[in-house]
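In: Model the following, please.
(4 chains)
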Number of protein chains: 4
Amino acid sequence: QDSFVVAGRRFSSRLLVGTGKYKDFDETRAAIEASGAEIVTVAVRRVNLATPGAPMLVDYLDPRVYTFLPNTAGCYTADEAVRTLRLAREAGGWKLVKLEVLGNIKTLYPNMVETLAAAQTLVAEGFDVMVYCSDDPIMAKRLEEIGCCAIMPLAAPIGSGLGVQNPVGIRLIIEEAKVPVLVDAGVGTASDAAVAMELGCDGVLMNTAIAEAKDPILMARAMKAAVEAGRLAYRAGRMPKKLYADPSSPLAGLI
Amino acid sequence: QDSFVVAGRRFSSRLLVGTGKYKDFDETRAAIEASGAEIVTVAVRRVNLATPGAPMLVDYLDPRVYTFLPNTAGCYTADEAVRTLRLAREAGGWKLVKLEVLGNIKTLYPNMVETLAAAQTLVAEGFDVMVYCSDDPIMAKRLEEIGCCAIMPLAAPIGSGLGVQNPVGIRLIIEEAKVPVLVDAGVGTASDAAVAMELGCDGVLMNTAIAEAKDPILMARAMKAAVEAGRLAYRAGRMPKKLYADPSSPLAGLI
Amino acid sequence: QDSFVVAGRRFSSRLLVGTGKYKDFDETRAAIEASGAEIVTVAVRRVNLATPGAPMLVDYLDPRVYTFLPNTAGCYTADEAVRTLRLAREAGGWKLVKLEVLGNIKTLYPNMVETLAAAQTLVAEGFDVMVYCSDDPIMAKRLEEIGCCAIMPLAAPIGSGLGVQNPVGIRLIIEEAKVPVLVDAGVGTASDAAVAMELGCDGVLMNTAIAEAKDPILMARAMKAAVEAGRLAYRAGRMPKKLYADPSSPLAGLI
Amino acid sequence: QDSFVVAGRRFSSRLLVGTGKYKDFDETRAAIEASGAEIVTVAVRRVNLATPGAPMLVDYLDPRVYTFLPNTAGCYTADEAVRTLRLAREAGGWKLVKLEVLGNIKTLYPNMVETLAAAQTLVAEGFDVMVYCSDDPIMAKRLEEIGCCAIMPLAAPIGSGLGVQNPVGIRLIIEEAKVPVLVDAGVGTASDAAVAMELGCDGVLMNTAIAEAKDPILMARAMKAAVEAGRLAYRAGRMPKKLYADPSSPLAGLI
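Out: Down below sits the predicted model:
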């Protein structure tokens, strides 16, 4: 079966989803079930520890069924990100993590210098680091050399829904990578996810595109199918583009 | 369940496929089964009647399972097309047909003047006419007024694999149509099919994109998933595109 | 010098402009002067004949300097269009005309059946017919065969500013044409005009893109330069697109 | 007059050109004259010092007329780049320089970590540093904070001719920048240059698109016009894009 391996774990769903931005945890659960995702991201800094008895994500999504991937959403420096993930490891034993160090609040574009620094520290401390990054193939290769276990370039700014802006950059990253490459952020609708997979990505991570669709559950199903479609098309090997028409029903006989 | 109706018949698969261009009838059958298609097109002028005992499509695809849709591939005038479909009706009792009158052999672009004339005659003779046409919204509306039961604008030249070239034209057709609109011709890979469906088409017809993929069976599966994905995304209602980023994991607490 | 010939007249500016939608005739004149256009279109049905003494376009644009091209804007049938141009010929002696027969008010897309009919009549009556049409290469060829002296496919719906939506269609028209092909309608900004010219068009006609820019005079200058740029690039022959980088400064020595 | 200032010097041409890849120095000169460029880049490591008496660029392009901008093409580390520019300053007194530190030979994508390091050193040593960089808005801002006098993000890989791949990234850079932003690398034809300028860039630098056109002199003229067109369109403020048509010749009277 078609699957991919991150940090020694094998996954068959290539769609990873975030858990934020839903109306409530019931909708979160329903959407994630519909998506078929096996890995879900959780913003560590967003976990509500202050209100005892308040509903918690783990009451809705079984951590034995889903791989929880703690992320550093909201961190703007390497230090913040490293501290956040150390806490996550202490609190929940999480070793497989998603690092993101943001550059500013307006664009949520990654700060690659801080990201490199944080990645270096986290890898040295034994974390398995999946890393959100720009679509810069040189930086992506550097993150792999540091020891990150998955490279996660953006398709477009987080939450923009613009789709893959720079297919050339993504493709260059894929060509050079020896670890999985997953497009993270910027997908807006099903065809965007298919395009990402057709470029040869190992997976796609998204949140807003599902959570902010008019019907998140239907969109989760759409994204599940789109990621599968794009992956199959990549494996199938598409026909060449041609400038001119070509009869799809050539005359072979005469009635 | 989500389905669409053409000429009084209900179909749940929105992927229609051609039967030409495959290595042999075994591959044709395998690809079509993988595609989940319920309607398959057959080029009437291509049916081999000259060689008794030669293999025939109906030995591989059961006409009780699939809706065979005879088409007029290879016809360049209204007269030829009308005569071809009259023969099809006499020979096989086919009433639901696909009309295509081509403009020239280089582009296989439809000749809309001849197409209008043929449609008028065929409708008057009681055929249920699904019609291949340009992406011209005025001509599409005219074909509907004549009485065609489905409008099938091209995405791009037949066999080109270029994908939807003119989404504005396709969308204008859909907005005005009261009969199903199916994109016909020009799809190259899975995301192209998803894009067509996201525009609000009722279905997609393709042949070359599957038959000329490196692995036609895998691509047939990809296209099945892509059409479903695009349809679901259309029904779900995509998020708006935004110029700037938006945190998909807003800070709700502090660890 | 680089120039093109329509109906026996030679023009060196490849930018044609409309005269509607400006604040007043002073702005019309200033924008048209800045555009460098030699041909300007005039909507015959819009000419104010009802108010004697009201300002008239000819007071601002000298008909001895500019070629006035009467058009049939606002006509929805062949009959209306033919009658409009007969009146124009009687009133002003105009023989070189621009035919447009619209399909509906929502899209202003051409009605190609009516356009063919009108073209046939007008050519038979001795008009030199430049014709607004869809981007359908078969219809475009038919209009040429009827005897039209220039083919004017839309880039996108009139007034939409979307730019060339279907470069494949435009290119197919150009490849087959023996008369000038000018993109008409849909250009929004300078690069759109350059793209049209790079496809090999002989010229571009626009109105809204200039008249509805924040600064119409500056935009008229932009369009003049853009049409020249696109034409020069077409004649120069662009470099091939490459998947990978290529040093523009190869090492030839060592410091 | 419309102009821009880099490191205290005012320029009216917004097209900067490279000097490599031409057939001979005569063609280099003719193309550069046709381009109207005021700034030309010279690959320091490519200057032939080994063969006394060999033709030299300065025999063809007068350094009193053109601003020579030494670049570090061929350097893959900060150290190499810094040493190269120190030599350039010693040899020719050049203070205004273009820094590029490449990531690998296949893509010629910049190595942003090395670029940041080199920029810091060069600025500290008093160079005026125009810097080739990725389209990463956070890295671009960092380069400005370091003290670079112009930010030069790539449109696409050097020598690819693919045009602006990531307009969102370029626009984010422009919005945040307080120093000039020039698109560097990746332009293929005239409309690409116009697109870059319409995004609000202060200028465009190119080499291959001119030198490898079939007719480099014509293409140089095309690029001159395209940069002017794009700049004028940006200043003019384009019309909004609209989904539907809008009559450019509304009926105001009746003939």
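In: count of neighbours near A:A54?
Out: By other Cβ atoms under 10 Å in any protein chain shown, 9 other residues sit near A:A54. Every C-beta, even on glycine, is put in place using the N, C-alpha and C of the backbone.
In: Chain A: helices as residue ranges?
Out: A:25-35, A:78-92, A:112-124, A:137-146, A:167-176, A:190-198, A:208-211, A:216-236 (DSSP state H).
In: if you compare those helices, which one is most tucked away?
Out: Across the helices of chain A, the average number of neighbours (mean count of other Cβ atoms under 10 Å in any protein chain shown) peaks for helix A:190-198, which reaches a mean of 31.
In: That helix near chain C at all?
Out: No: using Cβ under 8 Å from any Cβ of the partner chain, we find that helix A:190-198 stays clear of chain C, coming within 15.7 Å at best.
In: Now do that helix: which elements does it pack against?
Out: strand A:203-206, helix A:216-236, helix B:190-198, helix B:216-236 (3 or more Cβ pairs under 8 Å, 6 or more residues apart in numbering or on different chains; DSSP states H and E).
In: Around chain C, which positions in the stretch 51-200 of chain A sit nearby?
Out: With Cβ under 8 Å from any Cβ as the criterion, the stretch 51-200 of chain A comes near chain C at residues A:V168.
In: For the stretch 51-200 of chain A, list the residues in contact with chain B, please.
Out: With Cβ under 8 Å from any Cβ as the criterion, the stretch 51-200 of chain A comes near chain B at residues A:71, A:73-74, A:84, A:87, A:105-109, A:157-162, A:185, A:188-191, A:193-195, A:198.
In: Return stretch A:158-170 as CSV; C-alpha atoms alone will do.
Out: In CSV, the C-alpha atoms belonging to stretch A:158-170 read as follows (Å, rounded to 0.1, in the frame of the first residue of the first chain):
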residue,chain,number,x,y,z
ILE,A,158,-1.1,30.8,6.4
GLY,A,159,-4.9,31.3,6.1
SER,A,160,-4.8,33.0,2.7
GLY,A,161,-6.4,30.1,0.7
LEU,A,162,-4.4,31.2,-2.4
GLY,A,163,-3.1,27.8,-3.3
VAL,A,164,0.4,26.8,-4.5
GLN,A,165,2.0,30.2,-5.4
ASN,A,166,5.4,28.9,-6.4
PRO,A,167,5.3,25.4,-7.8
VAL,A,168,8.9,25.8,-9.1
GLY,A,169,10.2,26.3,-5.5
ILE,A,170,8.2,23.4,-4.1
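In: Could you tell me which residues of chain A lie near chain D?
Out: Residues of chain A lying near chain D (Cβ under 8 Å from any Cβ): A:103-104, A:107, A:109-113, A:116, A:134-139, A:141-142, A:156-157, A:160, A:162, A:165-169, A:172.
In: how does it look with 6 Å?
Out: Residues of chain A lying close to chain D (Cβ under 6 Å from any Cβ of the partner chain) are A:G103, A:T107, A:Y109, A:N111, A:S134, A:D136, A:P137, A:I138, A:Q165, A:N166, A:V168, A:L172.
In: I'd like the helices of chain A as CSV, with mean pLDDT and distance to D:V123 appended.
Out: As requested, the helices of chain A are arranged in CSV below (pLDDT from 0 to 100; distance: least, Cβ to Cβ, whole Å):
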stretch, mean pLDDT, distance to D:V123
helix A:25-35, 97, 48
helix A:78-92, 93, 24
helix A:112-124, 98, 17
helix A:137-146, 98, 22
helix A:167-176, 92, 28
helix A:190-198, 98, 38
helix A:208-211, 96, 39
helix A:216-236, 98, 45
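In: for the ones you listed, which one sits closest to D:F127?
Out: Among those, the nearest to D:F127 by Cβ to Cβ is helix A:112-124 (21.4 Å).
In: Just want the most central residue of chain A.
Out: A:L205 (2.2 Å; Cα atoms, centre = their mean).
In: before we move on, the earlier item: and which of the residues of chain A next to chain D is nearest to chain B?
Out: For these, the closest approach to chain B (Cβ to the nearest Cβ) belongs to A:T107, at 4.7 Å.
In: so how far is D:R171 from that closest one?
Out: Going from A:T107 to D:R171 by Cβ to Cβ, to the nearest Å gives 11 Å.
In: can you check A:L122 too?
Out: A:L122 sits 32 Å away from D:R171, going by Cβ to Cβ.
In: Same check on A:I173?
Out: To D:R171, A:I173 is 22 Å away according to Cβ to Cβ.
In: Quick one: distance of stretch A:42-55 to the chain centre.
Out: On the basis of Cα atoms, centre = their mean, to the nearest Å, stretch A:42-55 sits 22 Å off its chain's mean C-alpha point.
In: Need the distance between the two termini of it.
Out: 15 Å (Cα to Cα, to the nearest Å).
In: Next, the buried residues of it.
Out: Neighbour-count burial for stretch A:42-55 flags A:V42, A:A43, A:V44, A:R45, A:R46, A:V47 (criterion: 16 or more other Cβ atoms under 10 Å in any protein chain shown).
In: Am I right that the third one is in contact with A:P70?
Out: Read that as A:V44. Yes: A:V44 is in contact with A:P70 according to Cβ atoms under 6 Å; the separation is 4.7 Å.
In: Find the residues that touch each one of these two.
Out: A:A88 (Cβ atoms under 6 Å, 6 or more residues apart in numbering or on different chains).
In: How many residues are close by A:S13?
Out: So A:S13, with other Cβ under 10 Å, has 17 neighbours.
In: and what of A:E125?
Out: Other residues near A:E125 come to 13 when the count uses other Cβ under 10 Å.
In: for A:G8, same thing?
Out: 8.
In: gap between the residue in the stretch 151-255 of chain A that chain D sits nearest to and A:L205?
Out: Going by Cβ to the nearest Cβ, chain D is nearest to A:N166 of the stretch 151-255 of chain A, at 4.3 Å. Distance from A:N166 to A:L205, counting by Cβ to Cβ: 17 Å.
In: Not counting residues beside it along the chain, what's closest to A:Y66?
Out: Once flanking residues are discounted, A:Y66 sits nearest to A:V40: 5.1 Å by Cβ to Cβ, 6 or more residues apart in numbering or on different chains.
In: For the one you found, which residues are in contact?
Out: A:V40 is in contact with A:V17, A:T19, A:I32, A:Y66, counting by Cβ under 6 Å, 6+ apart.
In: quick check, nearest of those residues to chain C?
Out: Of all the contacts of A:V40, chain C sits closest to A:V17, with 32.1 Å by Cβ to the nearest Cβ.
In: wait, that closest one sits on A:A34?
Out: No: taking contacts as Cβ under 6 Å, A:V17 lies outside contact range of A:A34: 9.9 Å.
In: Just give the number of residues close to the residue nearest to A:I138 when sequence neighbours are not counted.
Out: Distances taken as Cβ to Cβ, 6+ apart put D:G103 closest to A:I138, at 3.3 Å, once the chain neighbours are dropped. The number of residues packed near D:G103 is 23, by other Cβ under 10 Å.
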